[in-house]
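[1] How does the following fold in three dimensions:
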Amino acid sequence: MYCDYLVQVFTARVCDVAQESLLESASNLSTRLNNHFLTRAIFDRMQIPPADFGPGNLNALTLGNYNKVGLVGWLVQKGIMPPSKKAPFRVGLEGAVNYPPMWFAADDNWVQWFAQIHHPGARDWIQSVSSSAVRPPKMISALKEKVFLASIDFDNIEQIEDSLDRLRPPKWPENVLGRLDRQSIDRGKLLFAENCAQCHVQSYEPPNSLGIKVKKRLAYDVGTDPVAYQQFKEHGEQRATELLNLANKMLQLREAQLTKKFDKDVAANYAKHDSQGRPNQFGLAQEEGYSGSEKDSWEKSGAVYWASPLEGIFASSPYLHNGSIPTLSDLLSAPEQRPTTFKTGGTELDPKLVGLKGSGSFVYDTREPGKGNGGHSFGTALSTEQKVAPIEYLKSL
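    Sure thing, here's the model as predicted:
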């Protein structure tokens with residue numbers, strides 16, 4: 001087929017693949033492209049909205065659902081499953097999320113914006129399966145042989161986790177982006193205490209069973225886009241149970257591999273390293289610290305998300321759980337004044353507004369489901385002159 005010929009040319013010229021592996025690489029690429037086109041055809045036939053992902057904008061849960069659609073497409077193409085106009089499982093857009101700053105991974109008590117996933121190893125192992133390279137036809141073989149979980153490269157994931165442990169929040173580079181105003185920082189610290197500190201606490205939980213201290217994070221409903229939270233909540237208990245069962249299987253597999261390579265004590269130490277002293281638990285975030293007083297009477301949307309730590313915040317744009325606000329200046333603006341669309345994917349920083357400069361090829365549209373930029377009205381009532389100070393303070397963290 002001409003399409004296969006084009007794939008071979010692309011593989012040879014763009015991917016710079018050696019001749020001896022050209023056909024295999026071209027075949028793998030062709031399989032992935034065919035799955036993509038088959039998936040799009042299923043979307044059109046079943047009227048499933050496409051997941052519009054881009055830089056700073058993803059949802060692993062939605063991606064897992066759409067990967068299932070690709071698998072169905074492959075099964076239909078191979079005649080293993082008959083074509084149907086009815087989806088064999090629930091598929092839908094679960095709401096966009098923004099990548100959290102990776103420099104908090106080591107001392108963060110939670111690994112999702114709205115779900116309680118404590119055990120860092122289990123979270124990363126599950127992610128490796130949902131985004132695994134074991135796709136059709138290898139996936140079918142792995143499922144038949146009941147070795148799908150064997151595709152998890154525990155040692156490689158451990159190296160990635162260890163590298164994240166060494167990350168630290170970046171400091172504002174005054175020699176590049178301009179000197180900080182110390183007096184403005186002092187004023188901003190006071191305004192931060194009045195408007196932000198209730199949620200964004202800067203303290204640690206007591207040491208856990210391994211003596212590890214993790215950052216304290218509180219969960220609140222601050223009126224932001226509810227789609228991601230409510231979609232998970234709809235089947236939250238069932239999902240938490242399924243994830244827990246899957247994680248337990250992975251823990252058993254990990255334990256079996258370790259005890260085969262090491263003695264019992266060494267294997268136990270590896271298990272402690274995997275868990276970081278956190279239990280294997282799954283659930284949904286619950287609001288805490290809300291008193292119902294006039295001070296807490298902000299607009300709510302029915303969705304609870306964790307308040308993020310703020311160190312290095314200047315380098316973590318776009319903001320909110322769904323990445324719907326490009327700059328700190330926009331975050332302190334009234335929701336109706338925030339940009340409806342903006343571009344992501346660029347690397348330029350606006351040192352005055354603090355955040356994305358608006359370059360890049362992906363257009364983020366806040367009118368799409370799950371991408372709303374409303375809520376989080378804290379600090380929006382400050383005057384334009386007053387807002388300079390808390391932004392300067394946040395730059396200094």
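[2] Please settle this for me: is residue 149 part of a helix?
    Yes - assessed by DSSP: H, G, I helix; E, B strand; the rest coil, residue 149 belongs to a helix.
[3] Does it touch residue 249 like I think?
    Yes - Residue 149 is within contact range of residue 249, at 6.3 Å (criterion: Cβ atoms under 8 Å). All C-beta spots, glycine's among them, are computed from the backbone N, C-alpha and C.
[4] Just want to know which of those two has more residues nearby.
    residue 149 (17 against 12; other Cβ atoms under 10 Å).
[5] Just give the nearest non-adjacent residue to that one, would you?
    In this structure, residue 149 finds its nearest non-sequential neighbour in residue 253, 5.5 Å apart by Cβ to Cβ, 6 or more residues apart in numbering.
[6] That neighbour: neighbour count?
    Neighbour tally, residue 253, other Cβ under 10 Å: 16.
[7] secondary structure class for residue 122?
    Under three-state DSSP, residue 122 comes out as helix.
[8] What does the residue lying closest to it once chain neighbours are set aside show for phi and psi?
    Spatial nearest neighbour of residue 122, chain neighbours left out: residue 247 (3.8 Å); criterion: Cβ to Cβ, 6+ apart. Backbone geometry at residue 247, expressed as degrees, to the nearest 10, gives phi -60, psi -40.
[9] so what's residue 247 up against?
    Counting by Cβ atoms under 8 Å, 6 or more residues apart in numbering, residue 247 touches 119, 122, 125-126, 280, 282.
[10] now that we have the residues you listed, which one has the most neighbours?
    residue 122 (26 neighbours).
[11] Was I right to think it contacts residue 249?
    No - Residue 122 is not in contact with residue 249 according to Cβ under 8 Å; the separation is 10.1 Å.
[12] all helices of the chain, in order?
    2-13, 22-46, 60-77, 120-130, 138-144, 154-165, 174-177, 182-195, 227-234, 236-261, 264-275, 328-331, 384-396 (DSSP state H).
[13] The residue nearest to residue 149 touches residue 153, doesn't it?
    No - contact criterion Cβ under 8 Å: residue 253 and residue 153 do not qualify, at 12.0 Å.
[14] Overlap in contacts, these two.
    With the criterion set as Cβ under 8 Å, 6+ apart, the contacts of residue 253 and residue 153 do not overlap.
[15] Give the full set of residues in contact with residue 397.
    By Cβ under 8 Å, 6+ apart, the contact list for residue 397 reads 169, 310-313.
[16] what about residue 123, neighbour count?
    20.
[17] Over to the closest residue to residue 340 other than its chain neighbours: give its phi and psi.
    Nearest non-adjacent residue to residue 340, counting by Cβ to Cβ, 6+ apart: residue 366, 5.4 Å away. With angles defined as degrees, to the nearest 10, residue 366 sits at phi -70, psi 0.
[18] so what pLDDT did residue 366 get?
    Here, the pLDDT recorded for residue 366 equals 92.
[19] and the closest residue to residue 224 other than its chain neighbours, what does it touch?
    The shortest distance from residue 224 to any non-neighbouring residue, by Cβ to Cβ, 6+ apart, is to residue 375 (3.7 Å). Neighbour list for residue 375: 222-225, 299, 301, 320, 335 [criterion: Cβ under 8 Å, 6+ apart].
[20] If we use 6 Å, what do you get?
    Residue 375 is in contact with 222-224, 301, counting by Cβ atoms under 6 Å, 6 or more residues apart in numbering.
[21] Out of these, who's the most crowded?
    Top of the contacts of residue 375 by neighbour number is residue 224, holding 27 neighbours under the definition other Cβ under 10 Å.
[22] show me the residues around that residue that make contact.
    Taking Cβ under 6 Å, 6+ apart as the test, what residue 224 contacts is 320, 375-376.
[23] Could you list the buried residues of stretch 333-341?
    Buried residues in stretch 333-341, counted by 16 or more other Cβ atoms under 10 Å: 333, 335, 338.
[24] per-residue pLDDT, residue 207?
    87.
[25] what sits against it?
    Contacts of residue 207 (Cβ under 6 Å, 6+ apart): residue 213.
[26] Look up how far residue 276 lies from it.
    For residue 207, the distance to residue 276 equals 12 Å [Cβ to Cβ, to the nearest Å].
[27] Common neighbours of those two, please.
    Contacts common to residue 207 and residue 276, judged by Cβ under 6 Å, 6+ apart, are absent.
[28] Reformat the contacts of residue 397 into TSV and put neighbour count next to each item.
    Putting those into TSV (neighbours: other Cβ atoms under 10 Å) gives the following:
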residue	neighbour count
169	16
310	19
311	20
312	19
313	22
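[29] any idea which of the residues you listed is closest to residue 350?
    residue 313 (13.8 Å; Cβ to Cβ).
[30] Check the gap between that closest one and residue 170 for me.
    10 Å.
[31] ditto for residue 315
    For residue 315, the distance to residue 170 - Cβ to Cβ - is 5 Å.
[32] try residue 82
    The gap separating residue 82 from residue 170 is 54 Å, by Cβ to Cβ.
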